[in-house]
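Engineer: Pasting the sequence and the predicted model now:
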Amino acid sequence: MGTRVGKQTVRLDGHPVIQAWSAIVGAKEGQGPLGRYFDEVIQDEYYGEKSFEKAESKFLRETFAKILMKGNVSAGDIQYIFAGDLLNQCISASFGIRETEIPFFGLYGACSTMGESLSLGSMVVESGFAERVVCITSSHFCSAEKQFRFPVEFGSQRVPTAQWTVTGAGGVLVGSTGNGPAVVHITTGKIVDMGITDANDMGSAMAPAACDTITAHFRETGLPHNHYDLIVTGDLGNHGKKMCLKLLEENGILIRDFYDDCGVMIFDEKRQNTNCGGSGCACSAAVLAGYIMDKLTKKEMNRALLVSTGALHSPTSIQQGESIPAIAHAVGIEML
Amino acid sequence: MEQKRTKKEYIDWSQKEAPKSPKARNLILAFIIGGVICTIGQLIQSLLMTTGMIKEDAGIITTLIMIFLGAFLTGINVYDDIGKIGGAGAAIPVTGFANSIVSPAMEYKKEGYIMGVGAKMFVIAGPVLVYGIVTSILAGIIYYLFW
């Protein structure tokens, strides 16, 4: 059974193991610096479907199937799915898994969904209520643009702080047995809102939330600041990453040498014109299920802290002049 | 939040640190792209006038042709790239207006012809129409009263 070590943090003494993982991404992500770490790269933005929303569901569905295949389990072996996405009413997740007949928790944590689903899934496995769960999420550039910004063919200019929603899906299979990367600590974020109202500058809105969660993680676990080989935030982008590092340094946490951001890692912003970097649920999910899991299992890294970040606004809240509430969920993954 | 700043201080700081738009570059590109679009329009109008058409008629036909070009280039996925480079230079001419109507029409076609295309077509252009018409009414009233 797990132990609560602080207001926001629990330690999972049973060490739920990430038994399998998969990431399927779109063409642009495949051409990015991490392209070779993904299981599949889909060139067609419609993925053979009739709409962007259906394409996003298919990304999630295919990724789910791939996880089961790689984990050598069938759908009947999974007790719960924890999934979510960016679209209204989380349709990518629910439509993506509607044929699976597996008990399902739909989550909304905006781009922090991977951290949120992995946290909850690991807690359920740790508690003994499930032997195996799948934690998965997706996003799609075109469906996100359509919902949050402008139609894809509208000729607008993107501001330098804007980010590029990652197309794809990523997920993991968490189980109670086996060897492999284990979830050891979970620090659940609380909402932090520093008053940013510009939906094209989500890095600034989310950086304080990431800083808050990372600070709480080290304070409550008592771990040394160099405990992890890699601390990676979800999708702060170049600007948010810089802000987050400065905020952390003000809190006395010096992690510059082993800190990065999935949004910065996944695209080459100069070559791919992605401005501040990647964003979206699939950003941290694909980097986790692609790059981080690969490095952990090859022992090139032993410990990683995934801090998925999310901006919890909607187009309506922005139009009504509300500021952007942000959240960050941290999951400490270690090779034991 | 373990913050040493007020919200106001944080917003000011983050804006100061944020990467800035390349204003000079954007201005020049908007000037060039907008200029090219208008020159094409002028070229069409002048060509039409060489056929003996009067200026007013040629102007109307030119506008129709430019709207068609904007819509056509949107349909073949080109106008968004022009917009990315040209910014306001691509948005303000009538071709940009066509783009702002055709792009949501394409995007929302999946939601059907009534609630999709029909309802969402003016989601960007709607405000321009509303305030354009309101302004022209006001201008008309002023013209009627004082001239």
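Structural biologist: Structure's in. What do you need?
Engineer: List the residues that contact whichever residue of chain B sits closest to chain A.
Structural biologist: At 1.8 Å from chain A, B:Gly83 is the closest residue in chain B, using CB to the nearest CB. The C-beta positions use only the backbone N, C-alpha and C, and glycine is treated the same way. Counting by CB atoms under 8 Å, 6 or more residues apart in numbering or on different chains, B:Gly83 makes contact with A:Phe154, A:Gly155, A:Ser156, A:Gln157, B:Ala90, B:Ala91, B:Gly96, B:Asn99.
Engineer: Tabulate the residues you listed (TSV), appending secondary structure, pLDDT and neighbour count.
Structural biologist: Below are these laid out as TSV (DSSP: H, G, I helix; E, B strand; the rest coil; pLDDT from 0 to 100; neighbours: other CB atoms under 10 Å in any protein chain shown):
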residue	secondary structure	pLDDT	neighbour count
A:Phe154	coil	93	24
A:Gly155	coil	89	26
A:Ser156	coil	88	21
A:Gln157	coil	89	17
B:Ala90	helix	95	28
B:Ala91	helix	93	22
B:Gly96	helix	95	26
B:Asn99	helix	96	31
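Engineer: Out of the residues you listed, give me the two with the largest separation.
Structural biologist: A:Gln157 and B:Asn99 (12.8 Å; CB to CB).
Engineer: if we can go back for a sec, can you list the contacts of B:Gly83 in a markdown table and add distance to A:Glu62?
Structural biologist: Shown next, in a markdown table, are the contacts of B:Gly83 (distance: CB to CB, whole Å):
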| residue | distance to A:Glu62 |
| --- | --- |
| A:Phe154 | 29 |
| A:Gly155 | 32 |
| A:Ser156 | 31 |
| A:Gln157 | 34 |
| B:Ala90 | 37 |
| B:Ala91 | 38 |
| B:Gly96 | 38 |
| B:Asn99 | 34 |
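Engineer: Pick the one among these closest to B:Lys8.
Structural biologist: Distances from B:Lys8 to these, taken by CB to CB, are shortest for A:Gln157, at 28.3 Å.
Engineer: Quick check: that closest one vs B:Phe31, distance?
Structural biologist: With distances taken as CB to CB, to the nearest Å, A:Gln157 is found 14 Å from B:Phe31.
Engineer: the longest helix in chain B is where?
Structural biologist: Among the segments of chain B that qualify as a helix by DSSP state H, the longest is helix B:23-50.
Engineer: How far off centre is that one?
Structural biologist: 14 Å (CA atoms, centre = their mean, to the nearest Å).
Engineer: list the contacts for B:Thr74?
Structural biologist: Contacts for B:Thr74 were tallied using CB under 8 Å, 6+ apart; they are A:Glu153, A:Gly155, B:Asp80, B:Ala98, B:Asn99, B:Val102, B:Ser103, B:Met106.
Engineer: Select from those residues every entry located in helices.
Structural biologist: Those of the contacts of B:Thr74 lying in helices (DSSP H): B:Asp80, B:Ala98, B:Asn99, B:Val102, B:Ser103, B:Met106.
Engineer: quick one: which of the residues you listed has the most company?
Structural biologist: B:Asn99 (31 neighbours; other CB atoms under 10 Å in any protein chain shown).
Engineer: Residue of chain A closest to chain B, please.
Structural biologist: A:Gly155 (1.8 Å).
Engineer: In stretch B:29-37, which residues are buried?
Structural biologist: B:Leu29, B:Ala30, B:Ile33, B:Gly34, B:Ile37 (16 or more other CB atoms under 10 Å in any protein chain shown).
Engineer: so where is chain B shaky, pLDDT-wise?
Structural biologist: B:1-3 (pLDDT under 70).
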